[in-house]
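> Let's see this in three dimensions:
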Amino acid sequence: MNKLFENLLSSTRNTESIGPRIEQRRGIEIKSGREIEIMRKSGKIVATVLSEINSMAKPGLTTGDLDKYAESRIRELGAVPSFKGYHGFPASICASINNEVVHGIPSSKRVIKEGDLLKVDTGAYFEGYHGDSCITVCVGEVTEEARRLSRVAQDALRAGLEQIKPKNTLLDIAGAIEDLVNSEGFSVVEDYTGHGVGRNLHEEPSVFNFRTNDLPNVTLRPGMTLAVEPILNAGNKKCKTLRDGWTVITKDGGLSAQWEHTILVTNNGCDILTDRDNL
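Numbers count the residues shown, from 1 in each chain. Model (predicted):
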């Protein structure tokens, strides 16, 4: 999810939030040791669910099946789905396929097919704090373009994370992502960015993936928790929102891929709180 998602949400007719998850603008927050330990747990829940979804996403299942599983599993692990009911979003995951960029609404009618490029984004709210992460799943045998796009998006995320350390800035992250993506011949989606995350699903600052002077270039400090999420298109960067008010697609019909982690800025770099490799 991302900063511009917040803008989309603010214009959505149904703006009802659930329980304690009402967003309050707090500025950039430095998390305490206690808060960080809770966020490690929320992040682990998200990582666990996405790891399981990655294994189960096969041709013949529907995106609605994945959503039902994610909600049940998040609750089983003691958390609440961050996305469901968030300003009216009707599901616990965003499931975006092929040319769908972000915010795809899961459906029992949307069957996953061999060769699909499936993006699954989800969040978990645990003891007052959110974790947020996204994976791209290559379903079965995909085209070489699709596989390379997903790989480059994941490499771009790694490149951005390598720039995270105290005294570096958001532009250091953005520049590393943009340079890698451009070198591979793909485009960075500029309409959507990463964000701070913690007590709110979306907090300041916007964590952008491209060089810009239009957003604050914040200096990184230990204790900041950020969702870093490069979104790449195989064609051009332009996107449009469908009539459902949520699903964003590429204007040229090209493929899109996304990878995201919630991270903690540390004294020496960053910790990946949604790391699926160390469950």
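> CA atoms for contacts and neighbours, from now on please.
Will do.
> Run me through the strand neighbours of the helix or strand harbouring Lys119, direction for each.
Take DSSP states H and E as the rule and Lys119 turns out to sit in strand 117-126. Based on DSSP bridges, the strands next to strand 117-126 in the sheet, each with its direction, are strand 80-81 (antiparallel), strand 93-97 (antiparallel), strand 129-138 (antiparallel).
> Out of those strands, which gets nearest to Arg40?
Judged by CA to CA, the one of the strands paired with strand 117-126 that comes nearest to Arg40 is strand 129-138, at 8.2 Å.
> Pull the distance from the closest one to the chain's centre.
From the chain centre to the centre of strand 129-138 is a distance of 5 Å (CA atoms, centre = their mean, to the nearest Å).
> With stretch 202-218 instead?
When C-alpha coordinates are averaged (CA atoms, centre = their mean), stretch 202-218 and its chain have centres 15 Å apart.
> repeat for stretch 59-68
Using CA atoms, centre = their mean, the distance between the centre of stretch 59-68 and that of its chain works out at 19 Å.
> swap in stretch 122-130?
14 Å.
> Please apply the same query to stretch 108-120.
18 Å.
> Quick one: end-to-end length of that stretch, please.
15 Å (CA to CA, to the nearest Å).
> now the strands paired with strand 117-126 as TSV including mean pLDDT, distance to Ser206 and mean neighbour count?
As requested, the strands paired with strand 117-126 are exported to TSV (pLDDT from 0 to 100; distance: least, CA to CA, whole Å; neighbours: other CA atoms under 10 Å):
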stretch	mean pLDDT	distance to Ser206	mean neighbour count
strand 80-81	98	22	23
strand 93-97	98	20	27
strand 129-138	98	15	27
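> Now distance to Arg40 too, for those, in JSON lines please.
As requested, the strands paired with strand 117-126 are arranged in JSON lines below (distance: least, CA to CA, whole Å):
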{"stretch": "strand 80-81", "distance to Arg40": "15"}
{"stretch": "strand 93-97", "distance to Arg40": "20"}
{"stretch": "strand 129-138", "distance to Arg40": "8"}
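> Right, I'll call it a day here.
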